[in-house]
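*Asks:* Return atomic coordinates for the entry below.
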Amino acid sequence: MTRRPTSAPTSTYRLQITAEDDLFAAADRLGYLHDLGVDWVYLSPILAAEPGSTHGYDVVAHDHLDPERGGEAGLAALSARARELGMGVLVDIVPNHVGVATPSEDPWWWEVLMLGRDAPHAHAFDVDWDAAGQRLQLPVVGTDDVRADGSVAHLSLVETDRGLELHYWDHAFPVAPGTASGPDDDPSAVHDRQHYELVDWHRADDALNYRRFFAVNTLAAVRVEEPDVFAETHVEIARWFREGLVDGLRVDHPDGLRDPRKYLDDLAALTGGAYVLVEKILEPGEEMPTTWATEGTTGYDALALVERVLVDPAGEGPLCALDAQLRGLPDGEAADFHAMVHDLKREVADGILHSEVNRLVRELRRFLPTLSPYRCADAVSELLTCFPVYRSYLALGPSPEEPDLTGVEHLDAAFAAARAHRPDLAETFDVLEPWLHDPALAATRRFQQTSGMVMAKGVEDCAFYRYPRLTSLTEVGGDPSVFSLDVAGWHAAMAQRQEQWPLAMTTLSTHDTKRGEDVRARITALAEVPMLWASALGRLLEAVPLPDPVFGGLLWQAVLGAWGSDPDDVLRERLHAYAMKAMREAGDRTTWTAPDEAYEAAVHAAVDAAFDSPAVRTVLDELLAAVLAPAWSNTLAAKLLALTMPGVPDVYQGSELLEQSLVDPDNRRPVDFAHRAAVLAGEAGDDAADKLHVVTTALHLRRDRPEAFTSYTPVEVTGEAAEHVLAFDRGGVVTVVTRLPGGLARRGGWGDTRLVLPEGAWHDALTRHGTDGLLADLLATHPVALLVKES
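*Replies:* I've put the predicted structure just below:
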């Protein structure tokens, strides 16, 4: 079912709004974006956030905009400028959680800490008050500060302009009325009388009693399923639509919500049916619920398809063998990604998210009091581990006889897999199964909120750093065990996308991608030269030995992808930061909470060697010489596919030129818009100017001729090199891209390969040359073409 919003963009351009690049600065850039061909500007979160927040996903108040980001005046200025240019405005919102790192900044959280369960906004937070003696557990205390008697050291009472406060180091908390007479009271005694308890930070793993965003203690979940909470958390958003300031929304992390479908229905009512996208992560083969009031996802599913249709399937075997060799596996064996995922998800369920498991057990045992708490926890953890997608969406329907069982097949699959993994828990699964299939049960709804947490922490934030076979495939929303996609598979997916989700977003880079699109373009090229990559990696590991050669494969792919993107001193710092995050997220040799100094020193030495060792530089130079040309072809091919495939293309800030960022926060660095505007105007040069030319040509066509992008038909290709081209007609505009360019070069070029074009005269909008479909001529200038039928 295709929803019809009040208006929809032909393209968007994502801007990260910060204190340094605020809404006023964004307003000033709209002229350039309009000249580029952009239809709507797409803003990162702009509601009031934690002091100094660089991303805005830690909202602290819902009734006003962040003054550091430009505030209400900034949004008004940006919206007014957008209207002058005929542009729309799309804004990222965060309904699932709020920032509580600085309690005094969030008035609701401060109120709950002060007044406890009876606070007016206590019900806005997902707190299990009964689990800890009616006290909210706050895991902020260092282990060394917990005394033998359980009291907390370094507490003090301080009189401030907010009143008397309890301080622990630089953390400040309110004091409940009537629990202290002044700053001279015993702070430990006062602490014991509060509605919160400051506890050892380790207790967050298994004793926390409030729901978080994943395992982030400073992001507390909000219960927007309650009508009054929805209304109060969306009061400012409602104003945007009432006053015509904003045209559409992107909803962050809908899978954390109790009932995403109901939330989206509420949002549609609030906005009058505005254009809405959801950051929904789809696993391969999973489909979006068609009953949701949304135009579709934010594009990670599209990214996965673009990436794989450009990967050479012949590289899979050699790269699997290389990965097995690095792991020390016997000949003929290969790493099992899905087994790895299972084990890492189980670690998450038993570790950093065991508080959530324990809460599920408490809720289930209210109905099953004779069920062993240990066996129940073991079974629930295994079910969460075996869940094949982020979550199911069981909910109450219009009547008890008509429940919404969306995604029940995934729950059934989880039970089947859990029984296979743990036959010793078969009886416990038998007991739990009917209860967890009941959408009326609170535990069922909480289980659905929890399974996505386990998936995200176990897969994206861990397994992806341990499976470096070809790291361009370890991207959010992708399964790296799915190596490639053939042309027929692409066409089938696009036909379905055009029919079902024609207004969903497409993207290549975001603020959350593990690697920027052009880092991935280089890495993808390695699939065409796997033996060369294996030899180069062997030489690199010999020149700079690493304790874990598997991680070495991941690290050197990142170095290759980012190489040359900045002056050496800047790039060195970026790669050190990347290496630190990657090895600690991998978590098998060192972690954030228990770093292994010797291991980390060896990894950082490898980063330095990339800049300081002549032997290493020689290897990198040889590798770059081999992949740069095919990588450039991949860059333009991926970009044109993302811009013209069914959906609404988003251009992440700066990616109209080379986007060689690594994982966040590297991908949120400031962008030189003045340079990009000069390149667009022909007043400055850039090695990647052809990429900007592809972007602006495609965006202008999409904005100026939307009727030419309303269908999808594969274009037939004949000739000896047909496997090296992908072409399709969107309804008057034909996209043509080169795939597997290394193999094409080795076979000597296009030969007699040609497109069987629809009837009529066609010319390439990139070169302005006419064409009869012969690819040797059509792709002589660029490895891609964008054909327009002449009137």
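*Asks:* residues touching residue 408, list them.
*Replies:* For residue 408, the contact set (Cβ atoms under 8 Å, 6 or more residues apart in numbering) comprises 392, 394, 437. Any C-beta I mention is one placed from the backbone N, CA and C, and that applies to glycine too.
*Asks:* I misspoke; the intended subject was residue 348.
*Replies:* 453-454, 457-458, 462.
*Asks:* want to try a markdown table for these, with secondary structure and distance to residue 31 as columns?
*Replies:* Listed next are the contacts of residue 348 as a markdown table, based on DSSP: H, G, I helix; E, B strand; the rest coil; distance: Cβ to Cβ, whole Å:
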| residue | secondary structure | distance to residue 31 |
| --- | --- | --- |
| 453 | helix | 42 |
| 454 | helix | 46 |
| 457 | helix | 42 |
| 458 | helix | 45 |
| 462 | coil | 43 |
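*Asks:* Turn these into CSV, including neighbour count, distance to residue 734 and pLDDT.
*Replies:* Below are these laid out as CSV (neighbours: other Cβ atoms under 10 Å; distance: Cβ to Cβ, whole Å; pLDDT from 0 to 100):
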residue, neighbour count, distance to residue 734, pLDDT
453, 25, 43, 97
454, 28, 44, 98
457, 22, 43, 96
458, 26, 42, 97
462, 21, 42, 97
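*Asks:* Among these, which one sits closest to residue 416?
*Replies:* Residue 416 lies nearest to residue 454 out of the contacts of residue 348, by Cβ to Cβ, at 17.7 Å.
*Asks:* quick one: the residue lying closest to that closest one once chain neighbours are set aside from residue 449, how far?
*Replies:* For residue 454, ignoring the flanking residues on the chain, the nearest one in space by Cβ to Cβ, 6 or more residues apart in numbering is residue 384 at 4.6 Å. To residue 449, residue 384 is 11 Å away according to Cβ to Cβ, to the nearest Å.
*Asks:* So which of these two has more stuff around it?
*Replies:* residue 384 (27 against 21; other Cβ atoms under 10 Å).
*Asks:* what about that one, distance to residue 458?
*Replies:* Taken as Cβ to Cβ, the span from residue 384 to residue 458 is 9 Å.
*Asks:* any common contacting residues for the two?
*Replies:* residue 345.
*Asks:* related to what we said a few turns ago, so which of the contacts of residue 408 sit within strands?
*Replies:* residue 394 (DSSP state E).
*Asks:* what sits up against the lowest-mean-pLDDT helix or strand in the chain?
*Replies:* Lowest by mean pLDDT, DSSP states H and E among the helices and strands of the chain is strand 404-406, with a mean of 93. The contact list for strand 404-406 (Cβ under 8 Å, 6+ apart) reads 261, 289, 291, 392-397, 439.
*Asks:* Any chance of a PyMOL selection covering the buried ones in the residues you listed?
*Replies:* Typed into PyMOL, the next command selects the buried ones out of the contacts of strand 404-406 (criterion: 16 or more other Cβ atoms under 10 Å):
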select buried, resi 261+392+393+394+395+439
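*Asks:* would CSV of the contacts of strand 404-406 with pLDDT be doable?
*Replies:* Below are the contacts of strand 404-406 laid out as CSV (pLDDT from 0 to 100):
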residue, pLDDT
261, 97
289, 95
291, 94
392, 97
393, 97
394, 96
395, 94
396, 89
397, 84
439, 95
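*Asks:* Okay, and which of the contacts of strand 404-406 map to helices?
*Replies:* Among the contacts of strand 404-406, DSSP state H puts residue 261 in helices.
*Asks:* which one among the contacts of strand 404-406 gets closest to residue 534?
*Replies:* The nearest one, if we look at the contacts of strand 404-406 relative to residue 534 and count by Cβ to Cβ, is residue 392, at 41.6 Å.
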